[in-house]
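Undergrad: Provided below are the primary sequence and the corresponding predicted coordinates.
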Amino acid sequence: EAGVAQSPRYKIIEKRQSVAFWCNPISGHATLYWYQQILGQGPKLLIQFQNNGVVDDSQLPKDRFSAERLKGVDSTLKIQPAKLEDSAVYLCASSLDTGGYETQYFGPGTRLLVL
Amino acid sequence: DAKTTQPNSMESNEEEPVHLPCNHSTISGTDYIHWYRQLPSQGPEYVIHGLTSNVNNRMASLAIAEDRKSSTLILHRATLRDAAVYYCILRENRDDKIIFGKGTRLHILP
């Protein structure tokens, strides 16, 4: 079974530029998550989708971050404009369904450096 | 805020058992105890989870205290590939959010 795919793996941009990350979850997984992981910290949830609807985006900085999951499969996360403090690893995860017992499967992440 | 407390780091010798502790004194009756680990330059991966009884799988064992206020992840025979950050997480039955703390960084000595 293929895992969660993310691209690109690495990205370097200058502040005020825009950037987009792509995620392809495990086939059949209804729930998709985007996390931000700053160096030395645990991942922090940015947004959660159930199929193509947003369940929780309370931690998403909506003035600069946006995310969509068209057709309930792939998802993109965009930052526009980027700030220095956005330098982090952006992780995508998916699970079969919702619920505290469901396992989340994580992708390898996209490492973003903002100069 | 994370509802669990873990040591920042631990060391263990290769091929020896490792016991990773986690305190969760405010756990409620519907909270599942989950463990994830994150190897260097990878996303977190699921290790094990339990509710009340001890659990075993091919990766590890989870020992849960009788009052459920603490638990221990047991790696029976550590290898160098087990060097990672281990996260202990509480998840409510109907809430699929994972709130990560800082975890325990496990170093394996050859």
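TA: Noted; the coordinates are in hand.

Undergrad: partner strands of the helix or strand harbouring A:Arg111, with direction?
TA: Following DSSP states H and E, one finds A:Arg111 within strand A:110-114. Paired neighbours of strand A:110-114 in the sheet (DSSP bridges): strand A:10-13 (parallel), strand A:88-95 (antiparallel).

Undergrad: which residues of chain A lie near chain B?
TA: A:4, A:31, A:40-45, A:48, A:56, A:91, A:93, A:95, A:98-109 (CB under 8 Å from any CB of the partner chain). For the C-beta atoms, the positions are set from N, CA and C on the backbone; glycine is no exception.

Undergrad: buried ones among these?
TA: Buried members of the residues of chain A next to chain B, scored by 16 or more other CB atoms under 10 Å in any protein chain shown, are A:4, A:31, A:42-45, A:48, A:56, A:91, A:93, A:95, A:98, A:100, A:102, A:104-109.

Undergrad: any idea how far the residue nearest to B:Pro110 when sequence neighbours are not counted lies from chain A?
TA: Of all residues not flanking B:Pro110 in the chain, B:Glu14 sits nearest, at 5.2 Å (CB to CB, 6 or more residues apart in numbering or on different chains). Shown here: B:Glu14 relative to chain A, a distance of 26 Å by CB to the nearest CB, to the nearest Å.

Undergrad: wait, B:Glu14 touches B:Leu106, no?
TA: No. Using CB atoms under 8 Å, B:Glu14 is not in contact with B:Leu106, being 11.7 Å away.

Undergrad: between these two, tell me which one has more neighbours.
TA: Applying other CB atoms under 10 Å in any protein chain shown to B:Glu14 and B:Leu106 shows that B:Leu106 carries more neighbours, namely 21 against 13.

Undergrad: low-confidence ranges in the chain?
TA: By default, I'm working from chain A. Low-confidence segments of chain A, defined by pLDDT under 70: A:1, A:100.

Undergrad: should've been chain B
TA: For chain B, the ranges with pLDDT under 70 are B:1-2, B:93-96.
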